[in-house]
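**Q** 3D, please:
(chains A, B, C, D, E and F)
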Protein chains: 4
Amino acid sequence: MRGRTREAILASSLELFAKRGYSATTTEEIARKAKVSKGLIFSHFDTKQDILFAIVDEQFDRIISNVLKENDARPAKERLVSFVDATVDLIKNDPLLARLSLQLNLDDGYRKLMKNKKTKQYLDAFLSQMKAVFSELGSNKPELDSFILMFLFDGIVANYTVAPELFPIDDIKHHLVDILVSRWGTSGD
Amino acid sequence: MRGRTREAILASSLELFAKRGYSATTTEEIARKAKVSKGLIFSHFDTKQDILFAIVDEQFDRIISNVLKENDARPAKERLVSFVDATVDLIKNDPLLARLSLQLNLDDGYRKLMKNKKTKQYLDAFLSQMKAVFSELGSNKPELDSFILMFLFDGIVANYTVAPELFPIDDIKHHLVDILVSRWGTSGD
Amino acid sequence: MRGRTREAILASSLELFAKRGYSATTTEEIARKAKVSKGLIFSHFDTKQDILFAIVDEQFDRIISNVLKENDARPAKERLVSFVDATVDLIKNDPLLARLSLQLNLDDGYRKLMKNKKTKQYLDAFLSQMKAVFSELGSNKPELDSFILMFLFDGIVANYTVAPELFPIDDIKHHLVDILVSRWGTSGD
Amino acid sequence: MRGRTREAILASSLELFAKRGYSATTTEEIARKAKVSKGLIFSHFDTKQDILFAIVDEQFDRIISNVLKENDARPAKERLVSFVDATVDLIKNDPLLARLSLQLNLDDGYRKLMKNKKTKQYLDAFLSQMKAVFSELGSNKPELDSFILMFLFDGIVANYTVAPELFPIDDIKHHLVDILVSRWGTSGD
DNA sequence: CATGAATGAGCATTCATTCAT
DNA sequence: GATGAATGAATGCTCATTCAT
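**A** You can find the predicted model right below:
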């Protein structure tokens, strides 16, 4: 039962933090949404901030590690396509986490706290993998290409997770893949 | 004097709202940064929320209208390039406004308030112009192309405005223009 | 078993109440120190206050009655010496009870509750016995002498029970007896 | 005005802390008694604990330094009498401070905080001065005599400050002086 | 009996807002 | 206008107490 309660608190917090922001979310709201008492929250987490950290530590970890696959032996083009696929699917499956992550990234206070946390490491891993792929594909500006792809993903998060009904995410994904394939299609084979 | 005070309050608020979030910013901090007394803030604005609305109404307006130029008679390719140029420059020149705008967009509470506000109209205008451009350029999925370009801009905001030292914005802009030109270069002439 | 548990709760409570104060002690701390669950405490006592009352009623009683001996036929000087002896030994043997008692006496809220409780009766008994002793010894201000002796005991409690390592309690006791004997030695025989 | 408010908060806090204990006193009560709002308290003091520290630092200092007079050239007997006089008067004039001081001394948590604070230094100064006086008077156990006198004062605090109507403080003082004079009267001249 | 998860009133503290000066 | 002292509703958090297991 204890595990269930904890999950309920984390799930409610995630949704509220992602949709209204961490500061604007009260512990009362979290309690109401999780259908537990305010007091119970604090028998699971010492502070409101600890709830946020638990989400970041436990959930971000689980999710992001799915996308990053070291030692992928496939040709670069396939890896690029599969990468886009995985990232967009991640956003589709965990829109709240993606939205919260983007939100936190926009917050100076949070960024300072996270200076040496895993999030940054993932980003670096992401970028270096991308750079390798674009290099293999023959890009002469692989870093810029990586940046642009990363921006694209953040832009998808910024829009799709907030109003999914406005954006045909699968069509967008396929179109994006088409664009990339048409751009790099002749190379890398 | 009165005008100066008002501007100082708006500028300080913009910076704090953009960097730490609206909820996490206190009127005390705004007063300190603007070097005015807390009381004076409330002789200029009735509520903290009014400060935010003033920023949105006055600043967003001024900025965004620069980008949207109706009745642009130039060929589509030129318009596309000029559009990318104008948008990236806007982000470079007003990173705080861009950052705040993105942040507000991620906030359900704010989005509800803005349902019928200008921001949405601008977005629609932006998208329909883009669609026209991509149509003229021969795209068979002009809406998806527009979405993707918009995502790109949001992604630039999400990253560049938060850590400008990490991203060579002008190189990125040129590379982006190169990509677009190489993709649509032969068409639309 | 039940008796053991009850004693453990009372002993832990006594120590915590005496050392940190009643209000500052949480039931959680009591449970931890007594190595029982929080719930069990409330199957033995209805409220936290009841624990305090149990200590006062049961322990104070037991202890104090040792000191007060009605119908003591010995000469006044002996009774005085034996009284000092008994009181100091009581403090030495039950420093926590003495400390708690002093603490409660300093608390208006508690004093109000105790208006008609036994504690006050003991005090009166103590004082009237002392007065009798000092009268017999020839004091012309037996009440003031009683007060002063009582103050002395409270002062010993205030200091010795809190930092026993700083005060050579037996030396102090003997010195005190010496002083009293030298003061009243020639009289009362 | 700001000073007045601060004094009102300190005075109300002192009374409540002294009479009901620090932990049992709520900031709401302090505010009510000081006739200010709860919020105002926290514009003067960061935490409730800081109020206590302000009382200790500012008031204890002022008061205690009156009693301790270094370089007192008078004969020991006079110094002893004057010392008793000053201490009892201090208790009479600032019973709340004396009561609070005794209460804090009974609290392990507070004692730990104060390990290296001035209070302890005063106590040491007090004891060493007393020891010197009793030595000069010919005592062969000057330290024990000092302890006993100190205990007496604490006992007066423990009783008089809590129920002044029960104890004729001036009579007690004079009687105490009489006792001391009669004990040490022939010596030290 | 025994546990500790759960509750909610209560507490210290914050902060947008007001207002006397 | 301008200040900052003052207010009090709201927030994060605590803790005595209850109760399902």
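
**Q** What segments of chain A are helices?
**A** Assigned by DSSP state H, chain A shows helices spanning A:2-20, A:27-34, A:38-44, A:48-54, A:61-67, A:76-93, A:95-105, A:108-113, A:118-136, A:142-160, A:169-184.

**Q** who wins for proximity to chain B among those helices?
**A** For chain B, the closest of the helices of chain A is helix A:142-160, at 2.8 Å, according to Cβ to the nearest Cβ. (C-beta placed from N, C-alpha, C; glycine too.)

**Q** Output that closest one as PDB, nothing but the C-alphas.
**A** The C-alpha coordinates for helix A:142-160 follow below in PDB (Å, rounded to 0.1, in the frame of the first residue of the first chain):
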ATOM      1  CA  PRO A 142      27.700  17.800 -37.500                       C
ATOM      2  CA  GLU A 143      27.500  19.800 -34.300                       C
ATOM      3  CA  LEU A 144      25.100  22.400 -35.800                       C
ATOM      4  CA  ASP A 145      23.000  19.600 -37.300                       C
ATOM      5  CA  SER A 146      22.800  18.000 -33.800                       C
ATOM      6  CA  PHE A 147      21.800  21.300 -32.300                       C
ATOM      7  CA  ILE A 148      19.000  21.800 -34.800                       C
ATOM      8  CA  LEU A 149      17.700  18.300 -34.300                       C
ATOM      9  CA  MET A 150      17.700  18.800 -30.500                       C
ATOM     10  CA  PHE A 151      15.900  22.100 -30.900                       C
ATOM     11  CA  LEU A 152      13.300  20.400 -33.000                       C
ATOM     12  CA  PHE A 153      12.600  17.900 -30.200                       C
ATOM     13  CA  ASP A 154      12.300  20.600 -27.600                       C
ATOM     14  CA  GLY A 155      10.000  22.500 -29.900                       C
ATOM     15  CA  ILE A 156       7.800  19.400 -30.200                       C
ATOM     16  CA  VAL A 157       7.700  19.100 -26.500                       C
ATOM     17  CA  ALA A 158       6.900  22.800 -26.100                       C
ATOM     18  CA  ASN A 159       3.900  22.500 -28.400                       C
ATOM     19  CA  TYR A 160       2.600  18.900 -28.600                       C
END
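
**Q** Give the rounded mean pLDDT of it.
**A** Mean pLDDT, helix A:142-160: 96.

**Q** is it up against chain B anywhere?
**A** Yes. Contact of helix A:142-160 with chain B (Cβ under 8 Å from any Cβ of the partner chain) involves A:144-145, A:147-148, A:150-156, A:158-159.

**Q** Equivalent analysis for stretch A:81-101, please.
**A** Yes. Stretch A:81-101 lies within reach of chain B by Cβ under 8 Å from any Cβ, at residue A:99.

**Q** Can you tell me what sits against stretch A:99-118?
**A** A:14, A:17-19, A:21-22, A:55-57, A:60-61, A:119-120, A:154, A:157-158, A:161-162, B:19-21, B:24, B:99, B:102-103, B:106, B:158, B:162 (Cβ atoms under 8 Å, 6 or more residues apart in numbering or on different chains).

**Q** which one of the residues of helix A:142-160 next to chain B sits closest to residue D:7?
**A** residue A:158 (54.4 Å; Cβ to Cβ).

**Q** Hmm, residue B:154 and the closest one touching each other?
**A** Yes. Between residue A:158 and residue B:154 there is a contact at 4.3 Å, judged by Cβ atoms under 8 Å.

**Q** Contact residues of chain A facing DNA strand F?
**A** Selection of chain A residues close to DNA strand F by Cβ under 7 Å from any atom of the strand yields A:25, A:26, A:27, A:28, A:38, A:39, A:42, A:43, A:46, A:47, A:48, A:49.

**Q** can these go into JSON lines with extra columns for pLDDT, neighbour count and distance to residue A:125?
**A** Below are these laid out as JSON lines (pLDDT from 0 to 100; neighbours: other Cβ atoms under 10 Å in any protein chain shown; distance: Cβ to Cβ, whole Å):
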{"residue": "A:25", "pLDDT": "97", "neighbour count": "22", "distance to residue A:125": "30"}
{"residue": "A:26", "pLDDT": "97", "neighbour count": "13", "distance to residue A:125": "36"}
{"residue": "A:27", "pLDDT": "97", "neighbour count": "17", "distance to residue A:125": "34"}
{"residue": "A:28", "pLDDT": "96", "neighbour count": "10", "distance to residue A:125": "38"}
{"residue": "A:38", "pLDDT": "96", "neighbour count": "13", "distance to residue A:125": "39"}
{"residue": "A:39", "pLDDT": "95", "neighbour count": "9", "distance to residue A:125": "40"}
{"residue": "A:42", "pLDDT": "96", "neighbour count": "15", "distance to residue A:125": "35"}
{"residue": "A:43", "pLDDT": "95", "neighbour count": "12", "distance to residue A:125": "36"}
{"residue": "A:46", "pLDDT": "96", "neighbour count": "9", "distance to residue A:125": "31"}
{"residue": "A:47", "pLDDT": "97", "neighbour count": "11", "distance to residue A:125": "30"}
{"residue": "A:48", "pLDDT": "97", "neighbour count": "17", "distance to residue A:125": "30"}
{"residue": "A:49", "pLDDT": "96", "neighbour count": "12", "distance to residue A:125": "26"}
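
**Q** I'd like the distance between the closest residue to residue A:155 other than its chain neighbours and chain C.
**A** Once flanking residues are discounted, residue A:155 sits nearest to residue B:151: 2.8 Å by Cβ to Cβ, 6 or more residues apart in numbering or on different chains. Using Cβ to the nearest Cβ, to the nearest Å, residue B:151 is found at 52 Å from chain C.

**Q** Spit out the contact partners of residue B:151.
**A** Counting by Cβ under 8 Å, 6+ apart, residue B:151 has contacts A:151, A:152, A:154, A:155, A:156, A:158, A:159.

**Q** show me what contacts the residue most central in space within chain A?
**A** In chain A, the residue lying closest to the centroid (Cα atoms, centre = their mean) is residue A:98, at 3.8 Å. Contact analysis of residue A:98 by Cβ under 8 Å, 6+ apart lists A:90, A:91, A:157, A:161.

**Q** biggest separation within those, which pair?
**A** Pairwise distances across these (Cβ to Cβ) peak at 11.1 Å, for the pair A:90 and A:161.

**Q** For the two, indicate the residue with more neighbours.
**A** residue A:161 (25 against 18; other Cβ atoms under 10 Å in any protein chain shown).

**Q** Surely that one and residue A:94 touch.
**A** No. At 9.1 Å, residue A:161 does not count as touching residue A:94 under the criterion of Cβ under 8 Å.

**Q** Run through chain A and note the low-pLDDT ranges.
**A** Low-confidence segments of chain A (pLDDT under 70): A:1, A:69-71, A:116-118, A:186-189.

**Q** Taking it, what residue is nearest to chain D?
**A** Closest to chain D within chain A is residue A:47: 16.7 Å, counting by Cβ to the nearest Cβ.

**Q** mind checking the end-to-end distance for stretch A:68-77?
**A** 16 Å (Cα to Cα, to the nearest Å).

**Q** what's the distance between that stretch and the middle of its chain?
**A** Counting by Cα atoms, centre = their mean, to the nearest Å, stretch A:68-77 is centred 20 Å from the centre of its parent chain.

**Q** And for that stretch, what's in contact with it?
**A** A:79, A:82, A:122, A:125-126, A:129, A:132-134, A:136-137, A:181, A:184-185, A:187-189.

**Q** 6 Å instead, please
**A** Defining contact as Cβ atoms under 6 Å, 6 or more residues apart in numbering or on different chains, one finds that stretch A:68-77 is touched by A:79, A:125, A:133, A:136, A:137, A:188.

**Q** Spatially, which two of those residues are the most separated?
**A** When Cβ to Cβ is used, the two most widely separated members of the contacts of stretch A:68-77 are A:125 and A:188, lying 21.1 Å apart.

**Q** Next, work out how far apart residue A:25 and residue B:140 are.
**A** Between residue A:25 and residue B:140 the computed distance is 44 Å (Cβ to Cβ, to the nearest Å).
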